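> structural data only, the sequence is not supplied:
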DNA sequence: GATATATACATAGGATTTCTATGTATCATT
DNA sequence: AATGATACATAGAAATCCTATGTATATATC
């Protein structure tokens, strides 16, 4: 996902989350959306994105639809019913996780030692 | 780090952050601290923690000091000077990253299509 | 017309991270 | 005597994302 190797594990949820709002997106589209929405702080790589999309499709969370632009193929993805419900829980889990880490990092104070 | 594979990449910063506040901790201690501070939501595994500690030491970010309790060894770790400075930047990077993801997930709204 | 860049997909193999499983050993509790 | 908590350790597996590479069309620039 880029520079700081913090990310692993969030990519799937990011994709699902974007598809939740935009209904229909293709790979390159997702790359751009993430770049813009994060002011370039997160840059998806094609080598991460496409395999992730294929995996989500294999798991039945998203489905694809091909479209031609002149001679070029564009593959749109959208959430399946299962995907929609899964998206909700994954977003919730991610947000909880982010809060947990934030609390752990910020709320530091020396432990009572036993 | 447990159940949800969200985590990868944050472990090091968590360890450094705990050492920043507590000056001196040993492995088992860190496991317990994380468990308590996150209400059991994050459970470090020994198979993750010890190698991580060894790596941090090899990188010169922490240093160790052995202590005997009866016949048992306890290995305390504390931040080196380099480690202290690195801790600050890593915490800052992690917090920025958490914000970025949170914004990306929460601040969704359909893209203007171009 | 040639060249560079953006668009649009894809995959193999590598690097990194954390986990599972396993091992050793002491100490406290039942 | 047995169990569980404390305390360390490592090998190998599993998962994730990246680098590098490849193909091809469309657009902008020189």
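Received it, and whenever you're ready, just let me know what you need. For clarity, every value in this text was computed on a predicted model and none was experimentally measured.

> nearest residue to residue A:55 in space, please, no chain neighbours.
Counting by CB to CB, 6 or more residues apart in numbering or on different chains, residue A:12 is the residue found nearest to residue A:55 once chain neighbours are left out, at 8.0 Å. To be clear about C-beta, it is placed using only N, CA and C from the backbone, and glycine gets the same treatment.

> quick one: mean pLDDT for the helix or strand where that neighbour lies?
Under the criterion of DSSP states H and E, residue A:12 resides in helix A:11-22. Mean pLDDT, helix A:11-22: 96.

> what helices or strands is it leaning on?
Packing partners of helix A:11-22 (3 or more CB pairs under 8 Å, 6 or more residues apart in numbering or on different chains; DSSP states H and E): helix A:27-37, helix A:46-58, strand A:72-79, helix A:81-106, helix B:81-106.

> mind listing what's buried in the third one?
The neighbour-count criterion (16 or more other CB atoms under 10 Å in any protein chain shown) identifies A:76-79 as the buried residues of strand A:72-79.

> other SSEs contacting that strand?
Counting by 3+ CB pairs under 8 Å, 6+ apart, strand A:72-79 packs on helix A:11-22, strand A:25-26, helix A:46-58, strand A:62-69.

> could you list the residues in contact with that strand?
A:16, A:19-20, A:23-27, A:53, A:56-57, A:61-68, A:87 (CB atoms under 8 Å, 6 or more residues apart in numbering or on different chains).

> do the same with the second one
Defining contact as CB under 8 Å, 6+ apart, one finds that helix A:46-58 is touched by A:1, A:11-12, A:15-16, A:27, A:30-31, A:62-64, A:77, A:83.

> what comes up buried for it?
So helix A:46-58, judged by 16+ other CB under 10 Å, has buried residues A:48-50, A:52-53, A:56-57.

> and DNA strand C, which of the residues you listed reach it?
Checking the buried residues of helix A:46-58 against DNA strand C by CB under 7 Å from any atom of the strand, the ones in range are A:50, A:53.

> give me the number of residues near residue A:90?
Burial of residue A:90, expressed as a neighbour count using other CB atoms under 10 Å in any protein chain shown, amounts to 21.

> got it, and residue A:89?
If you count neighbours by other CB under 10 Å, residue A:89 ends up with 10.

> equivalent analysis for residue A:104, please.
Residue A:104: 20 surrounding residues under other CB under 10 Å.

> and the residue lying closest to it once chain neighbours are set aside, how far is that from DNA strand D?
Leaving out its chain neighbours, the residue that sits closest to residue A:104 by CB to CB, 6+ apart is residue B:37, at 5.3 Å. Distance, residue B:37 to DNA strand D, by CB to the nearest atom of the strand, to the nearest Å: 15 Å.

> let me see the contact set for residue B:37.
By CB under 8 Å, 6+ apart, the residues touching residue B:37 are A:103-104, A:107.

> per-residue confidence at it?
Residue B:37 carries a pLDDT value of 94.

> ok, residue A:78 next?
So, for residue A:78, pLDDT stands at 98.

> now do the one 3 residues further on
Per-residue pLDDT puts residue A:81 at 97.

> just residue A:6 next, same as before
The model's pLDDT for residue A:6 equals 79.

> interface residues of chain A facing DNA strand C?
Counting by CB under 7 Å from any atom of the strand, the residues of chain A that sit close to DNA strand C are A:5, A:8, A:26-29, A:32, A:46-47, A:50-51, A:53-54, A:69, A:72-75.

> let's go with 6 Å and repeat that
Residues of chain A found near DNA strand C (CB under 6 Å from any atom of the strand) are A:5, A:26-28, A:46-47, A:50-51, A:54, A:69, A:72-75.
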